[in-house]
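Undergrad: Provided below are the primary sequence and the corresponding predicted coordinates.
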Amino acid sequence: MTKARTDTNANSADAGAEQARPKPQPKPPAKPDKGGYYWGTGRRKSSVARVRIKPGDGKLLVNKKQLSDYFAREQDRKAVLAPLKAVEGEKSFDVFVNVRGGGTTGQSGAARLGIGRALKKYDENYIQPLRDGGHLTRDSRMVERKKYGQRGARRRFQFSKR
């Protein structure tokens, strides 16, 4: 009986050595596509933004319009520019955003995430300032669905006892 215990202890020590995993190799830096662009995709609520960036003089177009023409609210414009300010690149990148679906707040949040992801591909050193500002985190909050037999997602019909 004692012999069986020693065998299992010996086997468990061997099993620990076998399960040691090699360290993952670092990824090579992403390369731009044929046009010299780095791509990033952002999503927020029901909006999806496809973002292209390349080194330039600070041009920013959203659906082929200037940022101030497309987003009327100041908070939406600030949200789109936030990742560029985090890496101090407002005047050093040309940014082109195609965004569809949802409303203005969702679209600006999607553009923010897309710009953050594109900047991360451009330079791995930008990850820490982008991560600190929360520009690489997907906001997963969605609209709650309407339930059957109710007026809305949470709203009930008025209860009448009599």
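TA: Here it is on my side, so go on.

Undergrad: Settle this for me: residue 30 is touching residue 121, isn't it.
TA: Yes: with contact defined as C-beta atoms under 8 Å, residue 30 and residue 121 form a contacting pair (4.2 Å). All C-beta atoms are positioned from the backbone trio N, CA, C, and that covers glycine.

Undergrad: Pick out whichever of the two has more residues nearby.
TA: The neighbour count for residue 30 versus residue 121, taken as other C-beta atoms under 10 Å, is higher for residue 121 (17 against 14).

Undergrad: joint contacts of residue 30 and residue 121?
TA: Common contacts of residue 30 and residue 121 (C-beta atoms under 8 Å, 6 or more residues apart in numbering): residue 38.

Undergrad: Check which helices and strands the top helix by length along the chain sits against.
TA: Taking DSSP state H as the criterion, the chain has its longest helix at helix 104-122. Packing partners of helix 104-122 (3 or more C-beta pairs under 8 Å, 6 or more residues apart in numbering; DSSP states H and E): strand 38-44, strand 47-55, helix 74-86, strand 93-100, helix 127-133.

Undergrad: hmm, try it at 6 Å
TA: strand 38-44, strand 47-55, helix 74-86, strand 93-100 (3 or more C-beta pairs under 6 Å, 6 or more residues apart in numbering; DSSP states H and E).

Undergrad: what sits up against that helix?
TA: 30, 38, 40-45, 47, 49, 51, 53, 71, 76, 79-80, 82-83, 87, 97, 99, 126-127, 130, 135-136, 139 (C-beta atoms under 6 Å, 6 or more residues apart in numbering).
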